[in-house]
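Chemist: return atomic coordinates for the entry below.
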Amino acid sequence: MPKPSDIPVHQRRNGIDPLPELSRMSAETPLVAAAGPGMHDWIATGREEVRAILGDADRFSTRPPTVSEEDSRQLVEPGNLLQYDPPEHTRLRKMLTPEFTVRRMRRMEPIIEKVVADQLDALERAGQPADLMRHFAWPVPGLVACGLLGLPRDDLTDLARMLDIRATSRSRKKMVAAKALDNYLVKIMARKRRDPGEDLLGMLIREHGEGVTDQELAGICSSFVAAALEGSTQMLGLGTLALLEHPGQLALLRDRPELTDQAVEELLRYVAVVSTASPRTALVNVPLAGQVIKAGEVVGCSLLAANRAQDPDAPQDDFDITRENTTHLAFGHGVHYCVGASLGRMQLRIAFAGLLRRFPELRLAVPPDELRFRLFAPQYGVEALPVAW
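Modeler: Numbering: from 1, shown residues only. Reported below is the predicted structural model:
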């Protein structure tokens with residue numbers, strides 16, 4: 001069983017906050033050789049260095065890092081945009097982008113509002129204290145993803161379990177879960193091919209037909225559900241915790257709900273549930289920050305460090321929901337900028353606004369030092385968040 005000290009410094013935290021060592025790295029050595037064995041040769045922690053790497057699809061690849069390009073291509077999961085380079089990435093992204101326009105996302109708004117209202121009812125019925133993660137933060141993104149993709153809501157629990165085992169387990173258990181997930185998705189895609197609905201998968205089938213394979217559709221489906229159950233869930237959990245730990249900012253948001261959009265952007269910046277972006281492999285020698293990243297070397301980009309990097313004229317990294325023009329990297333940067341960012345923002349805005357309206361006296365039901373964090377999960381988060389109101 002790994003120990004917390006085994007986690008690299010760029011992925012460890014003190015609650016929500018980065019460790020002081022990470023902040024020092026970002027300010028003093030924004031690109032450093034990785035210490036000890038692992039998947040990364042370099043760690044980028046400076047804001048400009050991270051943006052430069054993530055924004056350079058010509059010199060950095062997002063395919064799974066291996067000893068050869070052929071092996072790397074074989075490991076790419078069909079439909080997983082984060083593992084594709086242009087031009088393959090460009091082809092799939094062009095299919096998906098029209099489904100996330102403002103006009104089409106408006107169709108999702110009533111679905112999200114209904115899901116949020118239903119789960120707030122469930123949270124209230126659970127009685128005080130209640131686990132916000134179990135009754136609200138986990139089901140809301142999962143049910144919204146089911147609505148987006150046209151998946152049966154009753155399948156969500158089994159789907160979540162398969163994805164979790166596939167992401168966190170090893171050996172036989174991982175293989176069994178991956179096989180079960182593949183079988184489930186094959187059946188879903190066959191059903192969608194026969195009867196495409198008005199959901200995302202149905203629209204892709206109707207508009208692109210055989211131009212998109214069942215394997216790609218299945219990969220798109222599992223990627224979106226995994227992102228919802230990991231990233232969006234933990235954003236709701238850690239975002240709520242950040243507000244509760246900053247009572248002045250929470251009171252300001254309650255008094256001025258028109259700040260909700262700005263609050264969401266600040267929470268995305270401050271929390272950064274994806275601590276490190278998917279690894280980038282240099283395709284050529286790349287000079288950066290006084291170093292040379294050699295062709296074939298792998299770089300990890302710390303989104304937490306880049307998001308929390310202090311500006312020269314700022315004495316400290318304050319949590320401030322009135323912050324203007326937040327340029328965070330929570331949704332990535334460059335060609336791999338999250339295609340579902342508009343949906344993610346809408347979901348967070350509706351969920352946080354609904355939560356604070358329903359429970360204006362929301363508070364932690366346990367001391368903060370009793371909270372347990374997900375140290376080894378794909379996205380950082382909190383295991384349970386007991387609240388009262």
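Chemist: next structured bit after the helix or strand encompassing Gly237?
Modeler: Applying DSSP states H and E as the criterion places Gly237 in helix 233-245. Downstream of helix 233-245, the next assigned helix or strand under DSSP H and E is helix 247-255.
Chemist: any idea of the angle that next one forms with helix 233-245?
Modeler: Comparing the axes of helix 247-255 and helix 233-245 via axes from the mean of the first three to the mean of the last three CA atoms, to 10 degrees yields an angle of 110 degrees.
Chemist: and stretch 321-341, which residues are buried?
Modeler: For stretch 321-341, the neighbour count (16 or more other CB atoms under 10 Å) marks 321, 326, 328-333, 335-336, 338-340 as buried. (C-beta placed from N, C-alpha, C; glycine too.)
Chemist: tell me which two of those residues sit farthest apart.
Modeler: Using CB to CB, the two most remote members of the buried residues of stretch 321-341 are Ile321 and Val335, lying 30.2 Å apart.
Chemist: gap between His246 and Asp318?
Modeler: From His246 across to Asp318, the span is 9 Å (CB to CB, to the nearest Å).
Chemist: between these two, which has more neighbouring residues?
Modeler: Between His246 and Asp318, His246 has the larger neighbour count (other CB atoms under 10 Å), namely 17 against 12.
Chemist: now Val174: closest residue in space that isn't a chain neighbour?
Modeler: Rather than Val, residue 174 is Lys. Arg166 (5.9 Å; CB to CB, 6 or more residues apart in numbering).
Chemist: what residues are up against the one you found?
Modeler: Taking CB atoms under 8 Å, 6 or more residues apart in numbering as the contact definition, Arg166 lies against Lys174, Ala177, Ala178, Leu181.
Chemist: how many residues are close by the nearest residue to Gly237 once chain neighbours are set aside?
Modeler: Spatial nearest neighbour of Gly237, chain neighbours left out: Ala137 (4.4 Å); criterion: CB to CB, 6+ apart. Neighbourhood size, Ala137 [other CB under 10 Å]: 28.
Chemist: surely Ala137 meets Val387?
Modeler: No. Using CB atoms under 8 Å, Ala137 is not in contact with Val387, being 10.4 Å away.
Chemist: between these two, what contacts are shared?
Modeler: Common neighbours of Ala137 and Val387 (criterion: CB under 8 Å, 6+ apart): Thr240.
Chemist: quick revisit: who wins on neighbours among the contacts of Arg166?
Modeler: Leu181 (21 neighbours).
Chemist: contact partners for Leu253?
Modeler: By CB under 8 Å, 6+ apart, the contact list for Leu253 reads Leu243, Leu259, Thr260, Ala263, Ile321, Leu356.
Chemist: let's see 6 Å
Modeler: Applying CB atoms under 6 Å, 6 or more residues apart in numbering, we find Leu253 in contact with Leu259, Ala263, Ile321.
Chemist: would you mind giving those as TSV with distance to Glu70, pLDDT and secondary structure added?
Modeler: Formatted as TSV, these follow (distance: CB to CB, whole Å; pLDDT from 0 to 100; DSSP: H, G, I helix; E, B strand; the rest coil):
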residue	distance to Glu70	pLDDT	secondary structure
Leu259	51	97	helix
Ala263	47	97	helix
Ile321	49	96	coil
